[in-house]
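In: quick one, what's the 3D model for this:
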Amino acid sequence: MKNNNQEDMLEKMRGIALQNPDKIQIIETSVDSEIQIEFFETLQRVSDIEEEFNLKSLYSELVCEETAIERKQDILAMFATAGEVESFRLLEDYLKNAADDIKTWAFLACQQGRMLLESRLLEESKIYVASGLGGRGHKLRYVFAFVSLDKTYNEYQKNIIKGEIEYFSKKNEGEIEKIEFVEAYTLCTVLVPLYVNLIELIEKIVEEINQYGGFLNDKVYITNEKLVQIEDLEIIFN
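Out: Take a look at the predicted model:
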C-alpha cells in the first residue's frame, strides 16, 4: 500500500505527463529496486560533500583492482553528479570493462551522468523516473497477473482476455510486449503512459472481461519492480 506522500507524488507526475509528456523521461534499464535505492542514496550523500575533486586521480583509483567496492561506488556517484563532458566520457570508458560486481552500479552512474549532462547542455529540466522493469519515453513497464477462478482457460476465454487487454491498452496509448497463459494465470507485460491511472485501467479490463462469463478473479497482481514467478503468484493468491 502506498502512503499519502507517494500518492501525491504519483498524482503530480501524472499531471505533468498529461500536460507535457516530454518533461518525463523513463530510465529504460531494468535494475533491482534495492540497488537503485542504494545508488540514489549514495548520490545524495556525495552531492552534499562540498569539495572539489580531480577526475583523473579518482579514475586511477576507480580502475585499481585493490580499491574497495564501496569506494568505487562512491567514486562512480561523484562522477555521475559532476555534470561535465569529461566525467561522462570517463564513465562510458569504465562501463565497457567494468567487473561484474560493479557493472550495474557503473551502468546507473553512466545513465545518471548522461541525464545530468543533457539537462545542463540543453538548459532544460526533466523528471527522470526509474523502476525495476524500466520503461521507454514517458511509459513505465508493468507486469499484470490475472487469475482464473476456474484455474484454467479455454480458447474462448483466452481470446476474450487478449482482445480486451489489447483494446484498452491501445485506447490508453499503451504498448503490449507479451501476453502468456501459464496454468491459472494470464501474464501481461505492457508499457503504460505515466499519466494513465493504472488501477482504473485494470478494473475496467477485468470488468469488461467478466461480462463474458465472470471467470476472472477481480484481484490482479501488478508490479513494475521485477518479472513475476508463478511460485510467487501461488503464494500471493492463495
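In: break this protein into its domains for me.
Out: 21-129, 139-237 (automatic domain parsing).
In: nearest to residue 15, out of these?
Out: Closest of those to residue 15 is domain 139-237, at 7.6 Å (criterion: C-beta to C-beta). Heads up, the C-betas are built off the backbone N, CA and C, glycines and all.
In: weakest of the domains of the chain by average pLDDT?
Out: Lowest mean pLDDT within these: domain 21-129, a mean of 84.
In: all helices for this structure, in order.
Out: 4-19, 33-47, 55-63, 69-82, 85-96, 100-122, 155-171, 198-209, 230-237 (DSSP state H).
In: contacts for stretch 224-232?
Out: 32-33, 131-133, 135, 140-143, 145, 182-183, 185, 187, 221 (C-beta atoms under 8 Å, 6 or more residues apart in numbering).
In: meant to ask about stretch 52-72
Out: With contacts defined as C-beta under 8 Å, 6+ apart, stretch 52-72 is touched by 75-76, 78-79, 82, 84, 86-87, 90, 94, 101-102, 105.
In: find the centremost residue of the protein, please.
Out: Central residue of the chain (C-alpha atoms, centre = their mean): residue 131, 2.3 Å from the mean position.
In: before we move on, the earlier item: who wins on neighbours among the contacts of stretch 52-72?
Out: When neighbours are counted by other C-beta atoms under 10 Å, residue 76 leads the contacts of stretch 52-72 with 30 neighbours.
In: is it true that it touches residue 88?
Out: No: assessed by C-beta atoms under 8 Å, residue 76 is found out of contact with residue 88, at 11.9 Å.
In: next, the contact list for residue 202, please.
Out: Contacts of residue 202 (C-beta under 8 Å, 6+ apart): 144, 220, 222.
In: show me what contacts the first one?
Out: Under the criterion of C-beta under 8 Å, 6+ apart, the contact partners of residue 144 comprise 186, 187, 188, 190, 202, 220, 221, 222.
In: tally of neighbours for the closest residue in space to the residue nearest to the centre of the chain that isn't next to it in sequence?
Out: Sequence neighbours aside, residue 224 is the residue nearest to residue 131 in space, at 4.4 Å (criterion: C-beta to C-beta, 6 or more residues apart in numbering). Residues within reach of residue 224, counting by other C-beta under 10 Å, total 18.
In: likewise residue 46?
Out: Residues near residue 46, counting by other C-beta under 10 Å: 18.
In: what sits against it?
Out: 74, 77, 78, 81.
In: so how many other residues sit close to the spatially closest residue to it that is not a sequence neighbour?
Out: Spatial nearest neighbour of residue 46, chain neighbours left out: residue 77 (4.6 Å); criterion: C-beta to C-beta, 6+ apart. Using other C-beta under 10 Å, the number of residues around residue 77 comes to 24.
In: residue 77 reaches residue 42, doesn't it?
Out: Yes: between residue 77 and residue 42 there is a contact under C-beta under 8 Å: 4.5 Å.
In: how about residue 173, phi and psi?
Out: Main-chain dihedrals, residue 173, degrees, to the nearest 10: phi 60, psi 30.
In: who's in contact with the residue in the chain sticking out farthest from the centre?
Out: Farthest-out residue of the chain from its mean C-alpha position, per C-alpha atoms, centre = their mean: residue 213, at 34.6 Å. By C-beta under 8 Å, 6+ apart, the contact set of residue 213 is residue 157.
In: and it, how far from residue 187?
Out: Distance of residue 213 to residue 187, given as C-beta to C-beta, to the nearest Å: 20 Å.
In: so what pLDDT did residue 135 get?
Out: Value listed for residue 135 in the pLDDT field: 86.
In: let me see the contact set for the closest residue to residue 83 other than its chain neighbours.
Out: For residue 83, ignoring the flanking residues on the chain, the nearest one in space by C-beta to C-beta, 6+ apart is residue 116 at 4.5 Å. Contacts of residue 116 were listed using C-beta under 8 Å, 6+ apart, and they are 80, 81, 82, 83.
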